[in-house]
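Peer 1: Got a sequence here, can you build the structure:
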Amino acid sequence: MTAVCAILAFYVLIQVVIGSDSAESSVLNIYGGPLEQCSHSGMALTGFTRDGYCTDINGDTGSHHICIDLSSTTGGNFCSVTGQSDWCSSSLTCHDALFDEEEDEDNYCPVQDWCVCQWAFASYLQYAGGCDKIQDLVCEAINMQAALAYKSMAGITKYDNALRCIESRCGVSLSKTGTSALLAKAMNNKAGI
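Peer 2: Here you go, the predicted model:
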């Protein structure tokens, strides 16, 4: 547990050093484009603030930046593999309740595309047996902050594997790009350059 606390403290320090560029990249996906919604109509509303996005929010110590399709069957149940209670198979307030004034907030939809903690995602890869043994990723809805966090942990196998898995599953090259280059790419894409 002490190692996890030290890693989280180091990550927070990196975020402070990165500064305002980090705030800009928090609304971008791993391709450097606009972060897309993770949850959609007919599924439970996800996001740390339940807005449908895997946004980077102060106070979200779990950093819920990775969008996974929990309805896919490969890799077993994310909750079971990571040792959590089985919220993965539950039903929660529907995504539509946020966007449709006539939608009843008491209507429940299955958890499907969900923003999971980037630290739990790295453990999920480890416990599931590797990247080819996990559930599907929703790449356009994965926050750039996850890539930056994993890059800041370079040399720690678990986080190196998480970054390589995102690259492999999403067809993007992030690990050979420096953190400042990733931020520049994200800023250029945001500016339309």
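Peer 1: Setting the sequence-adjacent residues aside, check what's closest to the residue most central in space within the chain.
Peer 2: When the chain is reduced to its mean C-alpha position, the nearest residue by C-alpha atoms, centre = their mean turns out to be Ile66, at 1.5 Å. Counting by C-beta to C-beta, 6 or more residues apart in numbering, the nearest residue to Ile66 once its immediate chain neighbours are dropped is Phe121, at 4.4 Å. Glycine gets a C-beta too; all of them are placed from N, C-alpha and C.
Peer 1: about what we covered before: okay, and the beta partners of the residue nearest to the centre of the chain?
Peer 2: Taking DSSP bridges as the rule, Ile66 bridges to Val116.
Peer 1: about what we covered before: got a list of what the residue nearest to Ile66 touches?
Peer 2: Taking C-beta atoms under 8 Å, 6 or more residues apart in numbering as the contact definition, Phe121 lies against 66, 68, 146, 162.
Peer 1: Which of those residues fall within strands?
Peer 2: Here DSSP state E is the test, and the contacts of Phe121 give 66, 68 as lying in strands.
Peer 1: Using TSV, please lay out the contacts of Phe121 together with pLDDT.
Peer 2: Putting these into TSV (pLDDT from 0 to 100) gives the following:
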residue	pLDDT
Ile66	97
Ile68	96
Ala146	95
Ala162	96
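Peer 1: Nearest to Asp113 among the contacts of Phe121?
Peer 2: Sorting the contacts of Phe121 by distance to Asp113 puts Ile68 at the head of the list, at 7.2 Å, by C-beta to C-beta.
Peer 1: dump the residue contacts of that closest one.
Peer 2: Residues in contact with Ile68 (C-beta under 8 Å, 6+ apart) are 78, 113-114, 116, 121, 134-138.
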